[in-house]
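[1] show me how the following folds:
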Amino acid sequence: MAIYDLLRGYTTSCGCLHAEVAEGRVRDYNARRGFDRSNASRHAEYQTWWNMIYRCTNRKAINYRRYGGRGISVHPQWISDPWLFLNYLDSELGPRPAGFSLDRIDNDGNYEPGNLRWADQSQQMSNRANTVGSHCHQGHELTPDVLLVDRGRRICRTCRNAKRRAWYRTKSIA
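    As a prediction, this is how the structure comes out:
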């Protein structure tokens, strides 16, 4: 912003006013829903709660089709009161371990008591809808432990190792 524009009245702010107005809007939005910086939004897992609600209820969410679009819902009391959800996490699951995220035990089940756990990336990958029941051409189940991705191709580690052993056997005979 040029000082000339400010002096001539072409602009009313250097940008700080815009930031203050935006901050006020966020504060008002959160206050209407019962949240402010002094309560739930300060909890370490508040963002987990917010993301869970967002992807299950907002049709404009990028991954809505994989959650709300598939019929996955959130326990009704948790939608209206984040403290119930946060207290459940604290009492039943404990603090989130480093490198873990919230996971539904039954991938087709809802976000509800008894169906949640802290899971690492490999557990999350094996619990995905698109990996359940996928097998290689030899019939081996493609779990994250067995699955390799080589230049975009999905390869079964068991089959690859068998091919290598066969190749080395033929080389040693020759």
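[2] domain map for the protein?
    The chain breaks down into these domains under automatic domain parsing: 1-32, 39-132, 136-174.
[3] just checking, residue 89 touches residue 45?
    Yes - judged on CB atoms under 8 Å, residue 89 makes contact with residue 45 at a distance of 5.4 Å. Yep, even glycine has a C-beta here, placed from its N, CA and C like the rest.
[4] which residues do these two both contact?
    residue 96 (CB atoms under 8 Å, 6 or more residues apart in numbering).
[5] can you find the helix or strand in the protein with the smallest mean pLDDT?
    strand 147-150 (a mean of 64; mean pLDDT, DSSP states H and E).
[6] show me the helices in this protein, by range?
    3-8, 16-32, 46-57, 76-80, 82-88, 121-126, 157-173 (DSSP state H).
[7] would you tell me which of these gets closest to residue 69?
    Evaluated over these, closeness to residue 69 peaks at helix 46-57, with 9.3 Å, by CB to CB.
[8] show me what the closest one is packed against.
    helix 76-80, helix 82-88, strand 101-104 (3 or more CB pairs under 8 Å, 6 or more residues apart in numbering; DSSP states H and E).
[9] what ranges in the chain fall below the confidence cut-off?
    1-6, 10, 12-18, 26-42, 126, 128-137, 139-154, 167-169, 171-174 (pLDDT under 70).
[10] what's the distance between residue 19 and residue 9?
    According to CB to CB, to the nearest Å, residue 19 stands 21 Å off from residue 9.
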